[in-house]
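Chemist: Need coordinates for the below:
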Amino acid sequence: MPALPWYHKTSIDQVYPRSFHDSNRDGIGDIPGIIQKLDYIQGLGFETIWCSPFFASPQTDFGYDISNYIELAPEYGTLSDALQLIEEVHRRNMKIILDMVMNHTSIEHPWFRESRTSRENPKADWYLWRDRPNNWQSMTGGSGWHYVQERKQYYWASFLPFQPDLNHRNPEVKKTMLDIVRFWLGKGVDGFRLDIFNVIYKDAEFRNNPFTLQLMPTETNPSGFFQEAKYTLNRPESHQFAKEFREVCDVFGDKLSLGEISGDRGTIRKFMGEEKNDGLTLVFDFEMLGFKFNAGYFRKLIEDIERYFPDPFMPVYVFSNHDRARSISRLGNDLRKAKLLHLLQLTVRGVPCLYYGEEIGMMNLKLPYATALDPIPRKFSFVPRFMFDVLGMTLNRDEVRTPMQWDNKKNAGFSTAEETWLPVHPNHDTINVEQEDLENDSLLNTIRAIMKIRNNEPALQEGSMEWIDDLPGQVLGYERHHGRNRVAVLMNFSNSEKEFCIGDGNLDYLFSLCKDDTVRGNKITLDKYGGIILRAVK
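Modeler: Numbers count the residues shown, from 1 in each chain. I've put the predicted structure just below:
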């Protein structure tokens, strides 16, 4: 059986630098702070670190509005610090991927400053300009066209007005952006997470988008605000660009490329390739961010994912990130359910991606929209908050980006500054790394234990998957196998105990979530929200 490439069997821990650890007492996380905590990430068992942007930026969208791709924002450190981070990650036999924003720059980028001055300057065609706007709406609602007096033209911004879209149909733009990718690959990074990659190309003829009755975009249908995003998202040219991006990366060896792409599974799979994986190595599947906590939902989810991402493709399992509600907050802050969710995430066939603090059960912190640093809630200040709450939308992304909770001391051990860039969650006195480190059955130690098994069992890293059928209601089970290595996972999504038998011989117990989860011969007992990992079911 041929071995999978490392990027199809890795595990990813997302670090949001601004909130991870502050080394210089300014209340903002930084790269030296990440370096100080690398041993912690390694101790969790994750192989790959994904760093959200730390490039030079006015920070109007906290790094997703870049003003220089090869310099760092001074609050995060220097290029020398970034190179040290890469070196320290590799010294621990780990990988590091950077967040690359190729669709747009900051309005403060020198390229855009030059482009806006006239219609004849050397950068005049580096962005999308029109004499008159068409009907295209931005991803956050409202027209994405914005007027500039100097040119007496409108520029296009897919996301927010201060993030003008680059014109990748201009060969100079494409070459420059790919040269930036080469620059960082040359510095040793192991790949990239690619921000809104499916937005990079828009219709060359600027045709109007059709009308639709859909009001709000969803994870599987990014159209919304009564407009089908036919000419602004998921264009065929973007599929081709995925292959070009892959070719650039392949020159430097096996490199990971992870696309942020919205759409149904058939749509997002196209960015990875047709018959073979010659496009992006991985894509996020955001439908699962709205998961329902029951066995039937996850069975259907996994079956559907297996249908769209068979070998040689690999899915990604993600339940939280810097833009969406933290997973435990969608579980009623129930630690037992969180343990079960992560047992599935870390053992199913796929690459697991966790968001910083998810391993200790960090929760959303409800913050007023009026004082939000995030620009999105300010854009919707005229809409009462309860409407977004009813829809289950996390409009204020500040609420999921609060400082990492290291201990129960001042500022949760994140910083010794008098004030941190965002407030620390008040529950840090009980939910923090230091305390959970001492509790054998904490969420933190549960994830460490599962990750240790994952890293020691080839079947869990790169094995195929088969269902275990004829199980009681609300019990989900599957077997992973790789050669002679066979591992079974059984999970009880109900709040009542379940007893059942599987196989016809003795089972090798590896791990259980609850002390009352037991194995006697081939008889299994799972406590409520219990789960167990076994070896050699057949």
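Chemist: ok, the most centrally placed residue in the chain to residue 37 distance?
Modeler: For the chain, the residue nearest the mean C-alpha position is residue 321 (5.0 Å; Cα atoms, centre = their mean). Counting by Cβ to Cβ, to the nearest Å, the separation of residue 321 from residue 37 is 19 Å. (C-beta placed from N, C-alpha, C; glycine too.)
Chemist: same question, residue 243
Modeler: According to Cβ to Cβ, residue 243 stands 36 Å off from residue 37.
Chemist: Looking at those two, which is more packed in?
Modeler: Remark: of residue 243 and residue 37, residue 37 carries more neighbours, 19 against 14, as counted by other Cβ atoms under 10 Å.
Chemist: Give me the nearest residue to the more buried one, chain neighbours excluded.
Modeler: Spatially, and ignoring its direct neighbours in sequence, residue 37 is nearest to residue 21 (5.1 Å; Cβ to Cβ, 6 or more residues apart in numbering).
Chemist: Report pLDDT for the one you found.
Modeler: pLDDT recorded at residue 21 is 98.
Chemist: that older thread, what's across from the residue nearest to the residue nearest to the centre of the chain when sequence neighbours are not counted in the sheet?
Modeler: Spatially, and ignoring its direct neighbours in sequence, residue 321 is nearest to residue 355 (5.3 Å; Cβ to Cβ, 6+ apart). For residue 355, the beta-bridge partners under DSSP bridges are residue 14.
Chemist: Provide a list of residues in contact with residue 355.
Modeler: The contact partners of residue 355, taken as Cβ atoms under 8 Å, 6 or more residues apart in numbering, are 14, 16, 318, 320-322, 326-327, 400.
Chemist: and the residues you listed, which two are the farthest apart?
Modeler: Greatest spacing in those, by Cβ to Cβ: 16 and 327 (15.1 Å).
Chemist: Now the element after the helix or strand of the chain with the lowest mean pLDDT, going C-ward?
Modeler: Lowest by mean pLDDT, DSSP states H and E among the helices and strands of the chain is helix 385-390, with a mean of 60. Next along the chain after helix 385-390, taking DSSP states H and E as the criterion, comes helix 433-437.
Chemist: Now that following helix: buried residues?
Modeler: Residues 433, 435-436 are the ones in helix 433-437 that count as buried (16 or more other Cβ atoms under 10 Å).
Chemist: Stretch 112-122 too?
Modeler: Residues 112, 115-116 are the ones in stretch 112-122 that count as buried (16+ other Cβ under 10 Å).
Chemist: likewise stretch 492-509?
Modeler: Buried residues in stretch 492-509 (16+ other Cβ under 10 Å): 492-494, 498, 500, 502-503, 507.
Chemist: One more: stretch 144-160?
Modeler: Neighbour-count burial for stretch 144-160 flags 144-146, 148, 151, 153-160 (criterion: 16+ other Cβ under 10 Å).
Chemist: just stretch 31-43 next, same as before
Modeler: Of the residues in stretch 31-43, 31-35, 37-38, 41-42 count as buried by neighbour count, 16+ other Cβ under 10 Å.
Chemist: Tabulate the CA atom coordinates of that stretch in CSV.
Modeler: C-alpha atoms of stretch 31-43 as CSV (Å, rounded to 0.1, in the frame of the first residue of the first chain):
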residue,chain,number,x,y,z
ILE,A,31,5.7,35.7,16.9
PRO,A,32,8.2,35.4,19.8
GLY,A,33,5.2,34.5,21.9
ILE,A,34,4.3,31.6,19.5
ILE,A,35,7.9,30.4,19.6
GLN,A,36,7.7,30.3,23.4
LYS,A,37,4.6,28.1,23.2
LEU,A,38,5.8,25.7,20.5
ASP,A,39,6.5,22.9,23.0
TYR,A,40,2.9,23.2,24.2
ILE,A,41,1.6,22.6,20.6
GLN,A,42,4.1,19.8,20.1
GLY,A,43,2.9,18.3,23.3
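Chemist: and for that stretch, what are the contacting residues?
Modeler: Stretch 31-43 has contacts (Cβ under 8 Å, 6+ apart) with 13, 15, 17, 20-24, 49, 51, 54, 72, 76-77, 81-82, 84-85, 88-89, 92, 94, 433, 448.
Chemist: how about the helices of the stretch 201-350 of the chain, start to end?
Modeler: Here the stretch 201-350 of the chain has its helices, by DSSP state H, counting those that start in this stretch, at 236-250, 265-269, 295-308, 335-347.
Chemist: Can you name every helix or strand that the third one contacts?
Modeler: Just to be clear, that refers to helix 295-308. helix 265-269, strand 464-467, strand 475-482 (3 or more Cβ pairs under 8 Å, 6 or more residues apart in numbering; DSSP states H and E).
Chemist: Likewise for the second one?
Modeler: Identification of packing neighbours for helix 265-269 by 3+ Cβ pairs under 8 Å, 6+ apart yields helix 295-308.
Chemist: Would you mind confirming that residue 145 makes contact with residue 156?
Modeler: Yes - with contact defined as Cβ atoms under 8 Å, residue 145 reaches residue 156; the gap is 6.0 Å.
Chemist: where does this structure have low pLDDT?
Modeler: For the chain, residues meeting the criterion pLDDT under 70 lie at 1, 381-393, 505-506, 537-538.
Chemist: mind listing what residue 239 touches?
Modeler: Residue 239 sits next to 270-271, 279 when contact means Cβ under 8 Å, 6+ apart.
Chemist: Tell me who's in contact with residue 134.
Modeler: Residue 134 touches 145, 206-208, counting by Cβ under 8 Å, 6+ apart.
Chemist: Make a PyMOL selection of the buried ones in those residues.
Modeler: Selecting only the buried entries of those in PyMOL, with 16+ other Cβ under 10 Å as the criterion:
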select buried, resi 145+206
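Chemist: Quickly list what residue 518 is bridged to.
Modeler: Per DSSP bridges, the residues bridged to residue 518 are residue 525.
Chemist: Against residue 502, how distant is it?
Modeler: According to Cβ to Cβ, residue 518 and residue 502 sit 13 Å apart.
Chemist: same deal with residue 129?
Modeler: In this view, residue 129 and residue 502 are 64 Å apart by Cβ to Cβ.
Chemist: before we move on, what about residue 65?
Modeler: 53 Å.
Chemist: What is the burial count for residue 469?
Modeler: Residues lying near residue 469 (other Cβ under 10 Å) number 8.
Chemist: For my notes, confirm it occurs in a helix.
Modeler: No - counting by DSSP: H, G, I helix; E, B strand; the rest coil, residue 469 is located in no helix; its state is coil.
Chemist: circling back: which of the buried residues of stretch 31-43 fall in strands?
Modeler: Using DSSP state E, the subset of the buried residues of stretch 31-43 located in strands is empty.
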